[in-house]
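Enquirer: Pasted the sequence and its predicted model underneath.
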Amino acid sequence: MEQIVSRRTRRLLAAVTAAVLVVAGASYLLTRDHERDLPADHADAVAILLPPPHAEFDYQLGGAYAPPAGVQVVTRDRAAAPAAGLYNICYVNAFQVQPGEEGQWAADLLLRDAKGNVVIDEDWDEALLDLRTADKRNRIAAKVNGWIDGCAAKGYQAIEPDNYDSYTRSKQLLTASQAKEFAALLAAHAHSKGLAIGQKNASDLAGDRKTVGLDFAVAEECGQYGECGDYVGAFGNNVIVIEYTDQGRKTACTRYGGTLSIVQRDLNVSPAGDAEYVRKTC
């Protein structure tokens, strides 16, 4: 599955110490403190608007539809248009390849095992991308950054690059360090376009979010697997939680329902009206 507003220059950031963005009737403040959170190699980053913490959230990867009443933040696939008047996060499959799209990538950019077979994430039937050298990371980033440019052009405020944790499914061919180096390339480019960038899963890497340049977290099933605290420790309340079971949602809501954005969706994140559609909140 796949899928900034205006650029603000550093001169404007120096002249204006805070900017207020009003989205769907909710205001939140961006101060220069966030700029200090960016790593040194992001020194030319423009002002970044983060998702409002503890906002009503909807996850629409299976197809765009009119957001339920009260929703302020939406994630949609990069192929979809953003939802008018809301804070929109653009989903891109950054570390793996959509099923059937292997031919859109250079053959040497697909991760292969010692026998030359492409390494597949069997849960989603997705080929992993080969992040093992700087050259390959740069070539892969060039393609993904083109998608990020498309998100910016459509009016999204943030991106969600999925499968940051693909190294854990790589048959030990990829490392966490390589994943972080690649994510840093995407973060620098997103920031140059005025987009915030979320860390998708990979709770073990949350503590490195500042050096990588990640602004908020999108955590699947952290309630189910007891990982929400890892993200909160690194990102504070800038965490969006998606659960796929009643128990996961109840666990997340019991501990973090008053501070984080939490939603339960069906596993295929089906659009409203579909027989499989599920959406529950705290």
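Expert: Good, I have the coordinates.

Enquirer: Next, count neighbours for the closest residue to Lys280 other than its chain neighbours.
Expert: Leaving out its chain neighbours, the residue that sits closest to Lys280 by CB to CB, 6 or more residues apart in numbering is Gln264, at 4.2 Å. Where you see a C-beta, it was placed from the backbone N, CA and C, and this is true even at glycine. Counted with other CB atoms under 10 Å, the neighbours of Gln264 add up to 23.

Enquirer: which regions of the stretch 1-150 of the chain lie under the pLDDT threshold?
Expert: Applying pLDDT under 70 to the predicted model, the residue ranges of the stretch 1-150 of the chain that meet it are 1-46.

Enquirer: Strands of that one, start to end?
Expert: Shown for the stretch 1-150 of the chain, the strands assigned by DSSP state E, counting those that start in this stretch span residues 18-23, 26-31, 57-60, 73-77, 87-93, 120-121, 126-127.

Enquirer: Within the sheet, what are the partner strands of the longest one, with directions?
Expert: If I follow you right, that is strand 87-93. Partners of strand 87-93 in the sheet, by DSSP bridges, are strand 73-77 (parallel), strand 158-162 (parallel).

Enquirer: Tell me which of those sits most buried.
Expert: Between these, the one whose residues have the most neighbours on average, counting mean count of other CB atoms under 10 Å, is strand 158-162 (a mean of 27).

Enquirer: which is the next helix or strand following that strand?
Expert: Heading C-terminal from strand 158-162, the first helix or strand you meet, by DSSP states H and E, is helix 176-192.

Enquirer: and the helix or strand following that next one, what other elements does it pack with?
Expert: Using DSSP H and E, the next helix or strand after helix 176-192 towards the C-terminus is strand 196-200. Other helices and strands packing on strand 196-200, by 3 or more CB pairs under 8 Å, 6 or more residues apart in numbering; DSSP states H and E, are strand 158-162, helix 176-192, strand 216-220.

Enquirer: what comes up buried for the lengthiest helix in the chain?
Expert: Longest helix of the chain, by residue count under DSSP state H: helix 134-154. Applying a neighbour-count criterion of 16 or more other CB atoms under 10 Å, the buried positions in helix 134-154 are Lys136, Arg137, Arg139, Ile140, Ala141, Val144, Asn145, Trp147, Ile148, Cys151, Ala152, Lys154.

Enquirer: Distance to Leu186 for those - can I get that in JSON lines?
Expert: Rendered in JSON lines, the data for those read as follows (distance: CB to CB, whole Å):
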{"residue": "Lys136", "distance to Leu186": "14"}
{"residue": "Arg137", "distance to Leu186": "10"}
{"residue": "Arg139", "distance to Leu186": "13"}
{"residue": "Ile140", "distance to Leu186": "10"}
{"residue": "Ala141", "distance to Leu186": "6"}
{"residue": "Val144", "distance to Leu186": "6"}
{"residue": "Asn145", "distance to Leu186": "7"}
{"residue": "Trp147", "distance to Leu186": "10"}
{"residue": "Ile148", "distance to Leu186": "7"}
{"residue": "Cys151", "distance to Leu186": "11"}
{"residue": "Ala152", "distance to Leu186": "13"}
{"residue": "Lys154", "distance to Leu186": "17"}
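
Enquirer: Wait, a helix at Val232?
Expert: Yes. Under the criterion used here (DSSP: H, G, I helix; E, B strand; the rest coil), Val232 sits inside a helix.

Enquirer: show me the residues around the nearest residue to it once chain neighbours are set aside that make contact.
Expert: Of all residues beyond its chain neighbours, the one nearest Val232 is Val239 (5.9 Å), with distances taken as CB to CB, 6+ apart. Under the criterion of CB atoms under 8 Å, 6 or more residues apart in numbering, the neighbours of Val239 are Phe216, Ala217, Val218, Ala219, Cys222, Cys228, Tyr231, Val232, Tyr256, Leu260, Ser261.
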